[in-house]
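Engineer: Fold the following.
(chains A and B)
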Amino acid sequence: MIAYVRNIQDACASIFDGMAVTFSHLFRRPITVQYPDRIPRRIQETLPDRTRGHLEVDLDICISCRACEKACPIECIVIEDVRIPKDSVAGVDGKETARVKEPTRFDINLYKCMYCGLCVEPCPTGAIRFTKEFEGATDDLSRLHLRFVTPERREVVLRKGEGYEREQAEKARKKAEAAAKPEGGKQVDPPAAGEESKEGDKE
Amino acid sequence: MKALRTEDMTLNMGPHHPSTHGVLRFILTSDGEVVHSCRPDVGYLHRSIEKIGEIMTYIGFMPYTDRVDYVCAMNANWGYALAVEKLAKIEVPRRAEFLRAIVGELNRISSHLVALGTMAMDLGAITPFPWALRERERVNDLFEEICGARLTHNYVWIGGVAFDAPDGWLEKVRRFIDSFEKMIPEFNRLITGNKIFHERLVGVGVIDRKTALAYGISGPNLRASGVDWDIRRDIPYGIYPELAFDIPIGGDALGCIDDGYARFVIRVREMEESLKIVRQCLDRFPHEEKEHRTRIRKVKPPVGSVYVASEAPRGELGFFIVSNGTEKAERMRIRTGSFTAMSVVEKIAPGLMVADLVALIASLDVVAPEIDR
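Structural biologist: Down below sits the predicted model:
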């Protein structure tokens, strides 16, 4: 009988002990915030720098090496590109990287993306990177299919590609002319021939 | 007086039931409140992760290990990285080993917090759950800062870790463990010492040493049954051999053994031990070493196979990889603690009340995606 009463007493005591802990929370600073409104700043601004939100691509420094496309485990990145006359771009770390291709299509399917970060890591120029934007809820899936190359940009890149084609045709024509020329002619114009073969090796 | 004729009733518990952690189904036959048999029906969360491991490159499979057990993604990453590193003989810089141990133990704390909180909630105590999740959020904040994600971290990579600790991160970890240390006694006051909670768990779901070993139970559930076995100490990996920590096991020292309460208390004690480990890692952190990753573009292990087990919060998490010498695995097999823990339910459940079955499942700390993979 005594044990029975003591049991009830213990139960009550431990309830009040637990309640004391709960009660003490009334006087602590709350850690919850009222998302998404009623906060002084947008939540995106308060996130740490490494936050893996939506992906974005800086096409001005993209060299279309397709390292991201290969690294992606779920193939959510689709790239199409053309050869352009060789130039160079400065990556985010300031390092110059040669560019021989430029994308005419760079799509990221954010609804397939699992935000793992494997595509960001191998990028030589830092063109593909995470933003802090994460609010992707939408009633229209196509909004999550990001097409970074705009039609206007595509036109510009295609014209560059045509320039490259003309360059190549010009080189091929010169080479053919050089080959057609007699022995003496070849000695006049060796550097062009050498450059041509180098280009050929790269391809 | 003639005895009342009673009949067994088949009861379907789940797949969507508030007390099954994830999508789990149990087919019970019960006579009134007493369970006569209980058959766990697993597979509702099967995503064929093992098969995906065979069509992905070794590096590309890493994000999927997050999804094997999302409550302790760091430990799953780590377990996989260990297996591939052993297979392909990749060295890991010392700085990375420390970072791995820190995030691994922090993830153990956050995983145990989920386990303890949900366990209390399954038994009707609502307050400990937000309490535990509040503390877990602080761990998630730390993880978000170091790797950018709160749940599927993909932080431990083959050959090291993805990022070095940002400036001031280690101090933040120290501040967290200092404040969390004071929170554990509060948690004990809130729920562990509660008489009603005690009554609900003591002597419920008893798994004795022999059964635990026979069913291959591992991790805290095994240690609660009094078996002194912890992979961190017994098959050491990472920097664990250099660290001093106790392994709480059920018995006199803990004050309880075999039952649901022992499984609860052992997790509280393990959080304390994890704090010890993190503190040692912070004290000995190799600031002078700068490299946090061996840079690798391709992983092409030689032909062969490897099994590496690691101690995840839910028990032994082992990766068995058969390599055929290419960039993709020939066979990928994942051994998880929740699966074996689930199998023992069938043995233990007969004779329990339905409400106690809930306590048993909660105390085993199963996570449905880890059972099915």
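
Engineer: Can you get me a residue count around residue 63?
Structural biologist: All of this refers to chain A. Neighbour count for residue A:63, taken as other Cβ atoms under 10 Å in any protein chain shown: 22. Every C-beta, even on glycine, is put in place using the N, C-alpha and C of the backbone.

Engineer: My question was about chain B, not that one.
Structural biologist: 22.

Engineer: go on, the one 10 residues further on?
Structural biologist: Using other Cβ under 10 Å, residue B:73 has 27 other residues around it.

Engineer: Am I right that it sits in a helix?
Structural biologist: Yes: counting by DSSP: H, G, I helix; E, B strand; the rest coil, residue B:73 is located in a helix.

Engineer: Now do the same contact list for it.
Structural biologist: Neighbouring residues of residue B:73 by Cβ atoms under 8 Å, 6 or more residues apart in numbering or on different chains: B:65-67, B:107, B:151-154.

Engineer: Might you report the residue contacts of residue 77?
Structural biologist: Defaulting to chain A. A:68-69, A:106-109, A:119.

Engineer: Actually, chain B is the one I wanted.
Structural biologist: By Cβ under 8 Å, 6+ apart, the contact list for residue B:77 reads B:62, B:65-66, B:153-157.

Engineer: can you tell me the helix or strand for residue 170?
Structural biologist: All of this refers to chain A. Element membership of residue A:170, judged by DSSP states H and E, is helix A:151-180.

Engineer: That was the other one, I meant chain B.
Structural biologist: Assigned by DSSP H and E, residue B:170 falls within helix B:169-187.

Engineer: And chain A, is that helix touching that?
Structural biologist: Yes: under the criterion of Cβ under 8 Å from any Cβ of the partner chain, chain A is reached by helix B:169-187 at residue B:186.

Engineer: tell me which residues in that helix are buried?
Structural biologist: Going by neighbour count (16 or more other Cβ atoms under 10 Å in any protein chain shown), the buried part of helix B:169-187 is B:169-170, B:172-173, B:176-177, B:180, B:183-184, B:187.

Engineer: want to throw those residues into CSV with pLDDT?
Structural biologist: Formatted as CSV, the buried residues of helix B:169-187 follow (pLDDT from 0 to 100):
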residue, pLDDT
B:169, 89
B:170, 89
B:172, 90
B:173, 90
B:176, 90
B:177, 90
B:180, 89
B:183, 85
B:184, 86
B:187, 81
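
Engineer: returning to that earlier point: out of the contacts of residue A:77, just show me the ones up against chain B, please.
Structural biologist: Among the contacts of residue A:77, no residue lies close to chain B (Cβ under 8 Å from any Cβ).

Engineer: Just the ones of those in strands?
Structural biologist: Using DSSP state E, the members of the contacts of residue A:77 that fall in strands are A:106-109.

Engineer: So what touches stretch A:60-68?
Structural biologist: Stretch A:60-68 is contacted from outside by A:77, A:79, A:81, A:89-92, A:97-103, A:106, A:119-120, A:122-128, using Cβ under 8 Å, 6+ apart.

Engineer: Same check on stretch B:222-234?
Structural biologist: B:207-209, B:211-213, B:217-218, B:237, B:240, B:245, B:247-251, B:257-258, B:262-263, B:265-266, B:309-311, B:315-316.

Engineer: Show the buried residues in those residues.
Structural biologist: Of the contacts of stretch B:222-234, these count as buried by 16+ other Cβ under 10 Å: B:207, B:212, B:217-218, B:237, B:240, B:245, B:247-251, B:257-258, B:262-263, B:265-266, B:309-311, B:315-316.

Engineer: Quick check: which element contains residue B:120?
Structural biologist: If you go by DSSP H and E, residue B:120 is part of helix B:94-122.

Engineer: Buried residues, that helix. List them.
Structural biologist: Per 16+ other Cβ under 10 Å, helix B:94-122 contains these buried residues: B:95-122.

Engineer: tell me what the host helix or strand of residue A:97 is packed against?
Structural biologist: Assigned by DSSP H and E, residue A:97 belongs to strand A:96-109. Judged by 3 or more Cβ pairs under 8 Å, 6 or more residues apart in numbering or on different chains; DSSP states H and E, the packing partners of strand A:96-109 are strand A:55-57, strand A:77-90, strand A:145-147, helix A:151-180.

Engineer: who touches the residue nearest to residue B:172 when sequence neighbours are not counted in this structure?
Structural biologist: Sequence neighbours aside, residue B:142 is the residue nearest to residue B:172 in space, at 6.2 Å (criterion: Cβ to Cβ, 6 or more residues apart in numbering or on different chains). Contacts for residue B:142 were tallied using Cβ under 8 Å, 6+ apart; they are B:106, B:169, B:172-173, B:176.
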